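Participant: Sharing a model that was predicted from the sequence below.
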Amino acid sequence: MPKKTVAAIVDSGNGYIITAKKNQPTLHQKIANKAQSKPLDTYSWKQTGHGHNTQCHIKVWEADEEMKLKWSGLKRYMTVRRCGVRDGKVFDKVTFYISSEMLSAWCFAQRIRYHRKIENTLHWTKDVILNEDNCGLVNSQQAANMAVVRNICFNLHVMSGYQSISQGISAVGEKISTLWHMITGQHESLV
């Protein structure tokens, strides 16, 4: 995320938790170096489901003065290590974060987990189930219009009580009257 965007977030009175990726090499290296020292706070949790069993561990450090000057509002660095087994394969990954917040490791973990839940439900569904990444539209207006249609589709199925968008698509299929009831809201739940 560009530094100007981070400044705009802070200037608007909001806070941030941002993934620090390798496209910001100085920041990335600072966090990697900091990860060798004793953290301010730590928290661990387990996640299971969707073919994986994961042990997670977050560590939090205070940001150094040099980086605080470069990144508006910066107060904390974090690492989240996720290791375990996913679809029968062993994995071990560390993700770096920065934040303008001064929270406990537990609070940071809750916010990061909630964001990942959105990624894993909404974005994964749009990419995989609704095939958004492979739609083939090159005209930006057409692609934007189709994105709106996908969002409507996603939300109608969620509002109709389907736990799975695939289940909803299979159940509704080409049933025009059911689709109309979903759109007009003339139902409590279709499931």
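Facilitator: Yep, that arrived. Numbers count the residues shown, from 1 in each chain.
Participant: worst-scoring helix or strand of the chain, pLDDT-wise?
Facilitator: Lowest mean confidence among the helices and strands of the chain (mean pLDDT, DSSP states H and E): helix 124, at a mean of 67.
Participant: Tell me the first helix or strand C-terminal of it.
Facilitator: Remark: after helix 124, the chain's next helix or strand is helix 140-159, criterion DSSP states H and E.
Participant: The next helix or strand after that next one: which residues count as buried?
Facilitator: Per DSSP H and E, the first helix or strand lying C-terminal to helix 140-159 is helix 165-172. Neighbour counts over helix 165-172 (16 or more other C-beta atoms under 10 Å) mark Ile165, Gly168, Val172 as buried. Bear in mind the C-beta positions are built from the backbone N, C-alpha and C, glycine included.
Participant: Where do the domain boundaries of this structure fall?
Facilitator: As assigned by automatic domain parsing, the chain contains the domains 3-103, 132-184.
Participant: Deepest-packed of these, please.
Facilitator: domain 3-103 (a mean of 15; mean count of other C-beta atoms under 10 Å).
Participant: Could you give the separation of that one from the chain centroid?
Facilitator: Domain 3-103 sits 13 Å away from the centroid of its parent chain (C-alpha atoms, centre = their mean, to the nearest Å).
Participant: ok, now stretch 172-188?
Facilitator: Relative to its parent chain, stretch 172-188 has a centroid offset of 30 Å by C-alpha atoms, centre = their mean.
Participant: Name the surrounding residues that touch that stretch.
Facilitator: Residues from elsewhere that reach stretch 172-188 (C-beta atoms under 8 Å, 6 or more residues apart in numbering): Leu156, His157, Met159, Ser160, Leu190.
Participant: need the contact list for the third one.
Facilitator: The contact partners of Met159, by C-beta under 8 Å, 6+ apart, come to Met182.
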